[in-house]
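1. Quick one: sequence plus predicted model below, questions after.
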Amino acid sequence: MIPSLSDSSSDLTEATRRAYRWRADRLLRRWRQEFGGRVQSPFDFVFWLLGQRHTLKPATFRQYKAAVLHCLPQVFAGSEDLHDAMEHLRAAQATSNRHLSLRTSARKMRFLPKEDWERLSDWLLRKSLADGAIDSARTPLISFATLEAWCRATLLCALRPTEWTKAEWREEGERFFVIVRNAKTTQGRSHGETRTLVFERLDSADREAIRATIELARAWAARGKSAVLQKLVADTLYRAARAALGRREAYPSLYTFRHQAIANWKAERDALEVAALCGHARMETAARHYAARRHAWRGGRLKLASASPLDVLAVRLRNPSSVKSNDVTVSVNSVSKFGR
């Protein structure tokens, strides 16, 4: 029987710990099924996991690695090889493989060409006139209009799916503000508790998409159904993308829209401001883990957000070797003029 996985790490949220336990448990089941259920050493499990790298995207391997490192001490408590096995796994790097089998993350687009978005958006809006959902009699899905608004709002704001539940918006004349509670504030991964996106002269359709998505997510969160909503949105996108875009090797996921928004920012904003807009503590995070600027959309009507000067200053202070000392003084003056 697979042991219960737990860990007392205080720098992770409870949701992250649950996700790590679930992932590590799945991996342990696979490993023990392959080796006849025999309890073996932590090194055996680590070597097996490292042997899977060529079948995984780097981001997926990093998630597996984090989950296993979190749970390994409980699974192999008392093993004299535990420390060395964990150090060996910590030192392991993901491998790049351009010939992955078309499973899970290998089917997900890292960026979204503008013409694909236009096709998907047009399809969703046309279908929404009937206010239906694909195969809704068999599988409950959200409406096409709701999905279009969610995707559009993410292209504008680059929020993670879970961040919509605690986002807020406000208007001041022609300015439209989105205030986001950063999802990844543990282990120094974010520049602060919140970030603020500032839009100038955002048109009514885009404003309504953002407002509608925030209000929908907050309403479901108030009922304790955030995970249910996210799955409904993801399932509807899964079917709608295949119907709208036709047969292909990869399709957009919810995170594809965040990737594309960040690629668009990279083309027009410096690395400091991109980090502030994303909620990252480090300037290099977006460059390493998100779609490249060469995939940015050129031209068109999409409005780009600007970061609040206070968020930019927070990133500057966390990246002292990457900015000039007089830039910090300039940022402080900007904050005093802008406010929050």
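-> Right, received. Where do you want to start? Numbers count the residues shown, from 1 in each chain.

2. Put the alpha carbons of stretch 249-265 into CSV.
-> The C-alpha trace of stretch 249-265 is given here as CSV (Å, rounded to 0.1, in the frame of the first residue of the first chain):
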residue,chain,number,x,y,z
GLU,A,249,-1.1,18.4,-33.3
ALA,A,250,-1.5,21.0,-30.5
TYR,A,251,-4.3,23.2,-29.1
PRO,A,252,-4.5,26.1,-26.7
SER,A,253,-5.0,25.5,-23.0
LEU,A,254,-5.9,28.1,-20.4
TYR,A,255,-2.3,28.9,-19.8
THR,A,256,-1.6,29.4,-23.5
PHE,A,257,-3.4,32.8,-23.2
ARG,A,258,-1.2,33.8,-20.3
HIS,A,259,1.9,32.8,-22.3
GLN,A,260,0.7,34.9,-25.3
ALA,A,261,-0.1,37.9,-23.2
ILE,A,262,3.4,37.8,-21.8
ALA,A,263,5.0,37.4,-25.2
ASN,A,264,3.0,40.5,-26.3
TRP,A,265,4.4,42.4,-23.3
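
3. give me phi/psi at the most centrally placed residue in the chain?
-> Closest to where the C-alpha atoms of the chain average out (CA atoms, centre = their mean) is R160, at 4.6 Å. Backbone torsions of R160, given as degrees, to the nearest 10, read phi -70, psi 150.

4. dump the residue contacts of it.
-> 183, 255, 258 (CB atoms under 8 Å, 6 or more residues apart in numbering). The C-beta positions use only the backbone N, C-alpha and C, and glycine is treated the same way.

5. Let's verify the first one: helix, strand, or coil?
-> To tie it back to what came earlier, the one meant is A183. coil (DSSP: H, G, I helix; E, B strand; the rest coil).

6. Give me the helix or strand of the protein that scores worst on average pLDDT.
-> helix 325-338 (a mean of 47; mean pLDDT, DSSP states H and E).

7. residue ranges with poor pLDDT in the stretch 51-200 of the chain?
-> 95-107, 130-141, 187 (pLDDT under 70).

8. No further queries at this time; thank you.
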